[in-house]
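Visitor: Predicted coordinates and the sequence they were generated for:
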Amino acid sequence: MRTFFSSDYSKEPQSKAIIPQSWLQVERGKLTKLERQSPSSAEPLIKVPEPRIVPFYKPIDYVEVLAKIHEELESCAPSEKSNLYLLQYQVFKGLGEVKLMRRSLQAAWIIGSSIHERLVFGAWLKYEKRGEKIIHDLLSACGKCAKDYGVVDIASEYPVVKVSSCPDVINNSSPSSVSFLIGDEKIICNRIKMAGLSAPFHAMLIGCFMESSIEEIDLSHSNISISGLRAISDFTITGNLTELHPSLLLEILVFANRFCCERLKDECDRKLASLVSSREDAIELMEFALEHNSPVLAASCLQVFLHELPDSLNDALVVDLLSRLDRQKRGIAVGFASFSLYSLLAEVALDSDPSSDRAVSFLKQLISSAENSHQKMLALHQLGCVRFFRKEYEKAEKLFEAAMNEGHVYSVVGVARISNIKGNKLSSYEKISSVISSCTPLGWMYQERSLYCDEDKRWDDLQKATELDPTLTYPYMYRAASLMRKRDAESALAEINRVIGFKLALDCLELRCCFYLSLEDYQSAICDIQTILTLSPNYRMFEGKLAAYQLHKLVREHVEDMTTADCWLQLYDKWSSVDDIGSLSVIYQMLESDTAKGILYFRQSLLLLRLNCPEAAMRSLQLAREHASSEPERLVYEGWILYDIGHCEEGLKKAEESISLQRSFEAFFLKAYALADSSQYPSCSSTIISLLEEALKCPSDRLRKGQALNNLGSVYVDCENRDAAYDCYISALKIRHTRAHQGLARVHFLRHDKNAAYAEMTKLIENSKNNASAYEKRSEYCERDLTKADLDMVTLLDPLRVYPYRYRAAVLMDNQQQKEAIAELSRAIAFKADLHLLHLRAAFHEDIGDVVGALRDCRAALSVDPNHQEMLQLHSRVNSHEP
C-alpha cells in the first residue's frame, strides 16, 4: 500500500508529527488490514474515550424541577422571575433542548425587572444568536423588527435622583453670596443655590457652621479646580452640566461624592455614561465607577463588555476587572443580577476553553454570587469540572463533594472519576452503586459504573444504561469497539449504526470512520469524514490531534475521483434510497468542484433538516443564499430562511418577488409550501395545486420533481381527489421518489384497502436506508399484534420518536394496566422532555385520581410549551381539584 500521509502533513498546526493512534502510522505506509493484525495491535484503532463529565445541571427528576419552577413563577415577586427562568434554562441545557433553552433566556430578558438583568440576558441572547446577522437583515428589510439586543440608553433606564430641598432660611448674619477660593483664584456663587447642593453644603453655608457668616471660603484642598467649581455653580442655577471635558466631569463627580451632592453626582454619572464608546473607555471608567459608586457609568461600561462578547473576554484587562469584584462592587456593577452575569461569563469562557484561567475566575465569582442551593450546586459542579479538566484533582474532588452536599447528585461522577484516578477503583464502583440504590436509576449512573467493572459486568451495565437512556452514545461506542477488537466487524458496524441512525453524533461518525479505515474501506471512510465536515467544518479528530479536513485530503488519495455526472447519478441513487448521510457526503464532494454551489447548499440544508440538525441546516441555507447565481435564486433562498424561522408570509412574498423576475421550479414550490402552511382555508387548495403544477412545468431535476409530485398528491388527498393523488404518487415513483410509497399507502387506506396500504409501506421499508418513520406509518395499517411489532421496531431504530410510547401506553391503559401505562411513558420522559408524553401522563394521573402527579406533569409540560391550549385546560381542571 502506498504512503498514506503526504509530505504536507507536517504543515498541520499543533500535530507535530503526532500519530493519533498507533494503527495510523501511515506516514511510512504502515497501515495494514485489520485481518493481518493481532487483537492487541488493533486495540488503539478502536479506543473509546471515557464519557465526558459535563458542566451542566442534571437533576435526578427534571420533571419535578420544571414543575416547581412553573409553580414558583405563578406566585413569586417580579424581581425573582428572571432567576427562575435562568434555572429553567439550565435544566433544558442539561437535557440538550436548544430551542427551549433559548426560549427561557428570551423569557428572562422580557421579564427582567432591572436594567442589569435586561443587559445580561440581552447579551446572552445575542451571544446565542451570533452568526445570524443575515436573518436580522432579512427581517429588517421585510419591515419586521427582529428582537434587538443592541445598545441600550442606560441613563434613561435610571430614575433621576431627586433630593429633598432644605429650607432656604438664611441666618441674618449670612451674606447673600459666597466666594470660594481655589489657590489664587476666586469665584462668586449664590449662597442659597450652593447650599441646595447637599446637606453638608446647607449646614456650612446657611446653617450653624462659622462659614455661614463669612464671605470667602477656601476650597483649595478640596481637589476641585476653578473650572470645576464654575461648572458646579452653573449647575446650581440651571440644573444641568454643560458640555464638559471627561476629565472635568470625573473631577466634579469626585467632589460631589465627597460632599454628598447626590443630584450633581447623578448628573455627572449620566454624562460620563454617555461618553463610553469603546472597550478602552469602559475599562478605564469602570474602575472609576466602582471606586465612586456610580451605577449608571458602571452599567454603561458593563454594557460595552457584554455587547462585545465573546471577543471582550480575550482582553486580559476586562477579565481581570470582572474577576476581582467583591460583593459591594458587584452590587454597583450589576445590581442584583450578579449570578446571571457570571453564569453568562462562565458559559462563554467554558465554550472557548473549559480549562482556562478565566473560566476558573468567573466560576469563583459565580459561587460567591450564589443565593440558593440550586445556584450554589451548579456553580460548585461547574468549577469542579474545570478543575478536573485542568487535572487539579484534589480541588476538583472537594468541589464535586460540595456540589453533592448541596443536592447535585450527578457530581458523584466527578468524585468517582477522581477516586479511580487515585487507584481506588472499588471505591468508585461503590460510590455509583450507592447512588443507584438510593435514587431513581438513570442511564448515566449505569454508564458511569460500567467504567469500574470487569468486562462481563460492564456489558450488563452498559446495556442497562442504553435501556434507561438510549441517547447516551458511549455504550454504543464501547460495545462497537469491543466487537471490533474481537474481529467481528459486521456486528461492530451494526452497533455503531444503531445510534447513528437516530443521532448524528460526531464522535460516533469518527469511530465508524476508524472502523472503515482499519478495514481499508476508504469509500465508506471518506463518506463519514465528509459528513463530519458538513456538520462541523473545523472538527478535529483523534482527540483533537488532527483536523478532519486534513484527514479528508489524505483518504481522498485512496478513493477514485468521480465526474460531476457520476456524482449526480450517485446523489440520485442515494436520495432515492433515503440514504441521507450518503447524500450529504456526495453533495460535499460536489461542492468541492461544482460551480453551481447555491443549489447544492440548498439540497444540503434539506438533508440536514431531515437529519434533525437545524443549526447546520440554517448555515447551509445561508451559504446557498451567498452562492446564489442570480437574483431570483437568491430571493428563493431568502424566502426559505424566513419560512424556516417562522415568517411564512414574508417567505411567500420572497417567492412572489422571485417569480416576478423569473419563473422557476423552486420559486413556485416555495410559494406553494408557504401558502399551504400559512392558510387554513380549503379554497387555497386549488391555488396550491396550480402552483405545484406550474412548478412541474419549469426545468428541474427528478429529485425535486419527485418531491413536488409527492406534495401535489398530498393536496389531492386532502381535497378527496384520490384518483388524481394516485396518479401523482405513481408518477413520483416512476422517477424513484421512494417516499411516494407512503402517500400511495394512504390512498389505498382511504379506498378501504388496508392490505394494499400495508404492502405499499413494506415496499418503502425495503427500499429505504432510514426507515423508522416508515415502520411507524405502516403500524397504522395492520392489526394490533403487528402494530406493536412495528412500533417496537421504531423504538429500536429511533428511540426519540414518541408516538410508539404513547400508543403502547394507551393500549395498556385500555387494558386497565394503569401502572404499566404510566411506566411506559415515564421510560421515554426520563430522557426526552416532550410535551405530548407529559400531556398524556398527566391525563393518566388525573384518570387514576393522582392529582399531585397530574399537576406536576401539567406544570412541567407548560414549561415546555406555555401556550399549549389543551395543556392549559387540563392544568386548570386539575388545579381546581388540588387539596
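Guide: Good, I have the coordinates.
Visitor: When you work out contacts or count neighbours from here on, use the C-alpha atoms and nothing else.
Guide: Will do.
Visitor: Now do the contacts for Glu657.
Guide: Pro632, Leu635 (C-alpha atoms under 8 Å, 6 or more residues apart in numbering).
Visitor: and the helix or strand encompassing it, average pLDDT?
Guide: Here Glu657, judged by DSSP states H and E, is contained in helix 648-661. Here helix 648-661 scores 94 as its mean pLDDT.
Visitor: Now the element after that helix, going C-ward?
Guide: Once the chain leaves helix 648-661, the next helix or strand it forms, by DSSP H and E, is helix 665-678.
Visitor: Quick one: residues in contact with that following helix.
Guide: 633, 636, 639-640, 643, 648-649, 651-652, 655-656, 658-659, 684-685, 687-689, 691-692, 694-700, 708.
Visitor: If we use 7 Å, what do you get?
Guide: Counting by C-alpha atoms under 7 Å, 6 or more residues apart in numbering, helix 665-678 makes contact with 636, 648, 651-652, 655, 658-659, 688, 691-692, 694-696, 698-700, all of which sit outside it.
Visitor: what do you get for stretch 298-317?
Guide: Here stretch 298-317 has contacts from 119, 123, 127, 154, 273, 276, 279, 282, 286, 289-290, 318-319, 332-334, 348, using C-alpha under 7 Å, 6+ apart.
Visitor: Average pLDDT for that stretch, rounded please.
Guide: Computed over stretch 298-317, the average pLDDT equals 96.
Visitor: swap in stretch 587-601?
Guide: Average pLDDT, stretch 587-601: 89.
Visitor: Give me the pLDDT value at Asp644.
Guide: 92.
Visitor: Next one: it from Met618, what distance?
Guide: To Met618, Asp644 is 8 Å away according to C-alpha to C-alpha, to the nearest Å.
Visitor: who's more crowded, these two?
Guide: Neighbour tally, Asp644 and Met618, criterion other C-alpha atoms under 10 Å: the higher count belongs to Met618, 23 against 16.
Visitor: Now the residue nearest to the spatial centre of the chain. Nearest residue, chain neighbours left out?
Guide: By C-alpha atoms, centre = their mean, the chain has its centre lying nearest to Val98, at 4.0 Å. Take Val98 and drop its neighbours on the chain: the residue closest to it by C-alpha to C-alpha, 6 or more residues apart in numbering is Phe92, 7.4 Å away.
Visitor: Which is the succeeding secondary structure element to the helix or strand containing that neighbour?
Guide: Here Phe92, judged by DSSP H and E, is contained in helix 78-95. Using DSSP H and E, the helix or strand that follows helix 78-95 in sequence is helix 98-111.
Visitor: tell me the mean pLDDT for that following helix?
Guide: On average, helix 98-111 scores 95.
Visitor: Please list the residues outside the one helix or strand Glu284 maps to that contact it.
Guide: Per DSSP H and E, Glu284 falls inside helix 279-291. Residues outside helix 279-291 that contact it (C-alpha under 7 Å, 6+ apart): Val276, Pro295, Leu297, Ala298, Cys301, Val304, Phe305, Val318, Lys329, Ile332, Ala333.
Visitor: how far does stretch 202-211 stretch from start to finish?
Guide: End to end - C-alpha to C-alpha - stretch 202-211 spans 11 Å.
Visitor: Return the distance of that stretch from the chain's centre.
Guide: 62 Å (C-alpha atoms, centre = their mean, to the nearest Å).
Visitor: now do stretch 484-503
Guide: That offset, for stretch 484-503, works out to 29 Å (C-alpha atoms, centre = their mean).
Visitor: Then stretch 639-657?
Guide: On the basis of C-alpha atoms, centre = their mean, stretch 639-657 is displaced by 24 Å from the centre of the chain it belongs to.
Visitor: Remind me what the host helix or strand of Val636 packs against, helices and strands.
Guide: Assessed by DSSP H and E, Val636 sits inside helix 631-644. In terms of contacts (3 or more C-alpha pairs under 7 Å, 6 or more residues apart in numbering; DSSP states H and E), helix 631-644 is packed against helix 614-626, helix 648-661.
Visitor: Pull out the buried members of the contacts of stretch 298-317.
Guide: Taking 16 or more other C-alpha atoms under 10 Å as the criterion, what is buried in the contacts of stretch 298-317 is 119, 123, 127, 154, 273, 276, 279, 282, 286, 289-290, 318-319, 332-334, 348.
Visitor: Can you tell me which of the residues you listed end up in helices?
Guide: 119, 123, 127, 273, 279, 282, 286, 289-290, 318-319, 332-334, 348 (DSSP state H).
Visitor: Return the residues in contact with Ser323.
Guide: Counting by C-alpha under 7 Å, 6+ apart, Ser323 has contacts Ser361, Phe362, Gln365.
Visitor: let's see it at 6 Å
Guide: By C-alpha atoms under 6 Å, 6 or more residues apart in numbering, Ser323 lies in contact with Ser361, Phe362.
Visitor: name the element the residue nearest to Asn257 when sequence neighbours are not counted belongs to?
Guide: In this structure, Asn257 finds its nearest non-sequential neighbour in Lys265, 6.4 Å apart by C-alpha to C-alpha, 6+ apart. Using DSSP H and E, Lys265 maps to helix 262-274.
Visitor: where along this structure do the strands fall?
Guide: 177-182, 185-190, 216-218, 540-541, 546-547 (DSSP state E).
Visitor: could you say what helices and strands the first one packs with?
Guide: For strand 177-182, the elements it packs on are strand 185-190, strand 216-218, judged by 3 or more C-alpha pairs under 6 Å, 6 or more residues apart in numbering; DSSP states H and E.
Visitor: orientation of it relative to strand 185-190 in degrees?
Guide: Orientation of strand 177-182 against strand 185-190 (axes from the mean of the first three to the mean of the last three C-alpha atoms, to 10 degrees) gives an angle of 150 degrees.
Visitor: what is the mean pLDDT for strand 177-182?
Guide: 90.
Visitor: in that strand, what counts as buried?
Guide: Neighbour-count burial for strand 177-182 flags Ser177, Val178, Ser179, Phe180, Leu181, Ile182 (criterion: 16+ other C-alpha under 10 Å).
Visitor: That one: how far from the chain's middle?
Guide: On C-alpha atoms, centre = their mean, the centre of strand 177-182 falls 62 Å from that of its chain.
Visitor: Over to the second one?
Guide: Centroid separation between strand 185-190 and its chain, computed with C-alpha atoms, centre = their mean, is 61 Å.
Visitor: how far away is Val360 from Arg52?
Guide: For Val360, the distance to Arg52 equals 18 Å [C-alpha to C-alpha].
Visitor: neighbour count winner among those two?
Guide: A direct count of neighbours by other C-alpha under 10 Å for Val360 and Arg52 places Val360 higher, at 23 against 11.
Visitor: Indicate which one of the strands of the chain is closest to Ala402.
Guide: Using C-alpha to C-alpha as the measure, strand 540-541 is the one of the strands of the chain that comes nearest Ala402, at 34.4 Å.
Visitor: what is the rounded mean pLDDT of that closest one?
Guide: 92.
Visitor: could we number from 5 for the rest of this?
Guide: From this message on, residue numbering opens at 5, which makes the last subject strand 544-545.
Visitor: what helices or strands is it leaning on?
Guide: Using 3+ C-alpha pairs under 6 Å, 6+ apart, strand 544-545 sits against strand 550-551.
Visitor: go with 10 Å
Guide: Contact analysis of strand 544-545 by 3 or more C-alpha pairs under 10 Å, 6 or more residues apart in numbering; DSSP states H and E lists helix 510-522, helix 526-539, strand 550-551, helix 552-560 as its packing neighbours.
Visitor: Can you list the low-confidence ranges for the stretch 155-304 of the chain?
Guide: Low-confidence segments of the stretch 155-304 of the chain (pLDDT under 70): 167-178.
Visitor: Go again with 80.
Guide: The stretch 155-304 of the chain contains residues with pLDDT under 80 at 166-179, 212, 214-217.
Visitor: repeat for the stretch 405-554 of the chain
Guide: If you take pLDDT under 80 as the line, the stretch 405-554 of the chain has no such spans.
Visitor: run the last query once more with 90
Guide: The model of the stretch 405-554 of the chain has pLDDT under 90 over residues 459-460, 546-549.
Visitor: Ok, the stretch 555-704 of the chain next?
Guide: Using pLDDT under 90, the stretch 555-704 of the chain drops low at 565-568, 596-600, 649-651, 653, 680-688.
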